[in-house]
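Visitor: show me the folded form of this:
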Amino acid sequence: MSRRGLWLVLGAGTVVVLALLVAALSAPVELVSRPRSDATGTPRLEGVLPSVTTTTATSTGPPVGTGGEMSGLVWAVIGIGLVVLGTAALVLVAWLLSLLLGRLRRSRITRHRSAVFASPPLPDELVETAERRMALVESGDPRNGIVAAWLDLEVSAATTGLPRDPAETSTEYTSRVIGTWDVDRVRLAELAALYREARFSTHPLGEQQRRRAASALEVLHRDLARVVAREPEDAGGRV
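Guide: Residues are numbered from 1 along each chain as shown. This next block holds a predicted model:
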């Protein structure tokens with residue numbers, strides 16, 4: 001229960017108790033007027049002369065049983081009020097216990113820093129074979145050149161020693177391995193898409209696809225060379 005709901009319950013209980021107490025202690029209101037009596041206790045009718053005057057002995061004390069009925073009603077109201085207040089107190093205690101248990105649970109939670117995995121060293125094979133791949137993509141017709149360049153990239157990626165998932169294709173494995181380092185992943189995905197198109201499509205490929213593949217290879221080779229040049233600095237910083 002929220003704090004607002006708790007205060008609403010307590011307020012409603014208080015209002016009910018006060019209303020019952022006011023109703024019990026208030027004097028009864030006569031809805032029908034009774035005939036007024038004279039000093040002897042005999043009812044007197046206005047404007048009518050009695051034919052016979054009689055004297056009756058009446059008691060001037062309070063009505064029998066009125067005080068007992070009033071006290072019983074008061075005690076009943078007090079009992080109802082105690083029940084309402086007791087229920088509200090139980091709700092309050094339950095709410096406080098829930099808050100205490102919640103804080104205890106939160107205090108037991110230990111925050112751990114997220115693990116930071118360093119990229120593996122980049123093999124020299126990937127950088128040293130860059131010129132060979134550029135020569136392959138420029139040789140022969142566009143389809144064969146693109147396929148030959150990508151297959152050479154797959155061979156170089158395998159020298160990293162990173163494990164291959166059994167569900168991965170060779171293209172997916174190469175893309176994942178090259179993407180381990182800080183390279184342009186958009187151009188990497190473009191080169192992989194051009195390889196799949198050249199390998200599995202039947203429509204002719206032209207010089208436009210060759211230029212796109214060569215441009216993507218140049219960007220990847222430049223990024224890989226930058227990673228190799230930055231590795232000694234990173235190693236010095238880690239020491």
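
Visitor: wait, residue 139 sits on residue 145?
Guide: Yes - Residue 139 is within contact range of residue 145, at 5.5 Å (criterion: C-beta atoms under 8 Å). Backbone N, C-alpha and C define where each C-beta goes, glycine included.

Visitor: looking at these two, which is more packed in?
Guide: residue 145 (21 against 11; other C-beta atoms under 10 Å).

Visitor: surely the more buried one meets residue 134?
Guide: No - using C-beta under 8 Å, residue 145 makes no contact with residue 134, being 10.1 Å away.

Visitor: how about low-confidence regions in this structure?
Guide: 1-10, 13, 16-18, 20-70, 106-119, 232-239 (pLDDT under 70).

Visitor: that one - how does it break down into domains?
Guide: 1-25+72-107, 124-238 (automatic domain parsing).

Visitor: tell me the most buried of these?
Guide: The highest average neighbour count among the domains of the chain, using mean count of other C-beta atoms under 10 Å, belongs to domain 124-238 at a mean of 16.

Visitor: need the single longest helix in this structure, by residues.
Guide: Taking DSSP state H as the assignment, the helix of the chain that covers the most residues is helix 66-108.

Visitor: next secondary structure after it?
Guide: Downstream of helix 66-108, the next assigned helix or strand under DSSP states H and E is helix 124-128.

Visitor: after that following helix, which helix or strand is next?
Guide: Taking DSSP H and E, what comes next after helix 124-128 is helix 130-138.

Visitor: for that next one, name the packing helices and strands.
Guide: helix 142-158, helix 207-238 (3 or more C-beta pairs under 8 Å, 6 or more residues apart in numbering; DSSP states H and E).

Visitor: ok, which of those comes nearest residue 201?
Guide: Residue 201 lies closest to helix 142-158 among the helices and strands packed on helix 130-138, at 8.5 Å (C-beta to C-beta).

Visitor: against which helices or strands is the closest one packed?
Guide: With contacts taken as 3+ C-beta pairs under 8 Å, 6+ apart, helix 142-158 sits against helix 124-128, helix 130-138, helix 170-178, helix 185-200, helix 207-238.
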